[in-house]
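Colleague: Quick one: sequence plus predicted model below, questions after.
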Amino acid sequence: MAEYPREELEEMVERWLAKNRECEALGDWRPLADLYTEDATYGWNYGPHTDFMAVGRDEIRDLALGAEMGGLDGWTYPYQEVLIDDRKGYVMGLWKQVADDHRADGTQYEVAGIGGSWFRYAGNFQWDWQRDFFDFGNAGTLFMEMMTDGKLSEGMTARMERSMRGPLPGYYPVFGAPVGIWDR
């Protein structure tokens, strides 16, 4: 593992956060793909039976940042804390998942629990490895609440319907992805 100057990692984090805010405003996260190496991997677990894994910048753009973020227009993912390990080149960002709509009582829809992204820096202001974690149960519960309240967007409804039709690109049985969740 390479060491990187602390200042370089801090600048990468600032670039990442700025690009995230830009993509949130656009409702399109695909431009974030430019901040990954050509051979980067990006994955997460979807519960006891399923992992998601995108291998390479194109899959990250098309699957992780495109298809998987589809329907989340208007949502924000404000980072609450960012931890930097400059000796190993790792960055951990802890974030919330906040919808752009409110309940009848005025409270904003937000996924309960903690979400996070764990990155490995590869130099040249790019990540080569990212793993996310979030509370899948709480996310599903919130989406069902929004659906019941008539607040789920058309895009998210279409995304959920697409998921129910069968296996989607990037989805694998646990331990069956081309790159494992823990593989670095």
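Modeller: Everything's here; your move. Here the structure is a predicted model, which means the values were calculated and not measured.
Colleague: Now the worst-scoring helix or strand of the chain on mean pLDDT: buried residues?
Modeller: One helix or strand of the chain scores below all others by mean pLDDT, DSSP states H and E: helix 154-164, with a mean of 85. By neighbour count on 16 or more other Cβ atoms under 10 Å, the buried set for helix 154-164 is 156, 159. (Glycine included, C-beta is placed from N, CA and C.)
Colleague: and if you look at stretch 167-180?
Modeller: For stretch 167-180, a neighbour-count test (16+ other Cβ under 10 Å) marks 170, 171, 172, 177, 179 as buried.
Colleague: Now do the phi/psi pair for the last one.
Modeller: Backbone torsions of residue 179, given as degrees, to the nearest 10, read phi -130, psi 130.
Colleague: Likewise for the third one?
Modeller: For residue 172, the backbone dihedrals (degrees, to the nearest 10) come out as phi -140, psi 150.
Colleague: my guess is it meets residue 51, correct?
Modeller: Yes - with contact defined as Cβ atoms under 8 Å, residue 172 reaches residue 51; the gap is 5.2 Å.
Colleague: which residue packs closest to residue 23, ignoring adjacent ones?
Modeller: Among residues not flanking residue 23 along the chain, residue 29 sits closest, at 4.6 Å (Cβ to Cβ, 6 or more residues apart in numbering).
Colleague: Just give me the neighbour total for the one you found.
Modeller: 22 (other Cβ atoms under 10 Å).
Colleague: Equivalent analysis for the one 3 residues further on, please.
Modeller: Other residues lying near residue 32 total 20 when counted by other Cβ under 10 Å.
Colleague: what's the answer for residue 153, then?
Modeller: 17.
Colleague: if I look at it, how far off is residue 46?
Modeller: Remark: distance between residue 153 and residue 46 (Cβ to Cβ, to the nearest Å) = 20 Å.
Colleague: How about residue 171?
Modeller: Taken as Cβ to Cβ, the span from residue 171 to residue 46 is 7 Å.
Colleague: still on that earlier bit, now, the most widely separated pair of the buried residues of stretch 167-180?
Modeller: 171 and 179 (13.7 Å; Cβ to Cβ).
Colleague: Need the residues touching each of residue 171 and residue 46.
Modeller: residue 52 (Cβ atoms under 8 Å, 6 or more residues apart in numbering).
Colleague: secondary structure class for the residue nearest the centre of the chain?
Modeller: Nearest to the mean C-alpha position of the chain, by Cα atoms, centre = their mean, lies residue 132 at 6.0 Å. With DSSP: H, G, I helix; E, B strand; the rest coil as the basis, residue 132 sits in strand.
Colleague: Repeat that for residue 84.
Modeller: What three-state DSSP gives for residue 84 is strand.
Colleague: begin at 44 from here
Modeller: Right, with 44 as the first residue, what we last looked at is residue 127.
Colleague: what's near enough to touch it?
Modeller: Counting by Cβ under 8 Å, 6+ apart, residue 127 makes contact with 49, 52, 53, 56, 133, 134.
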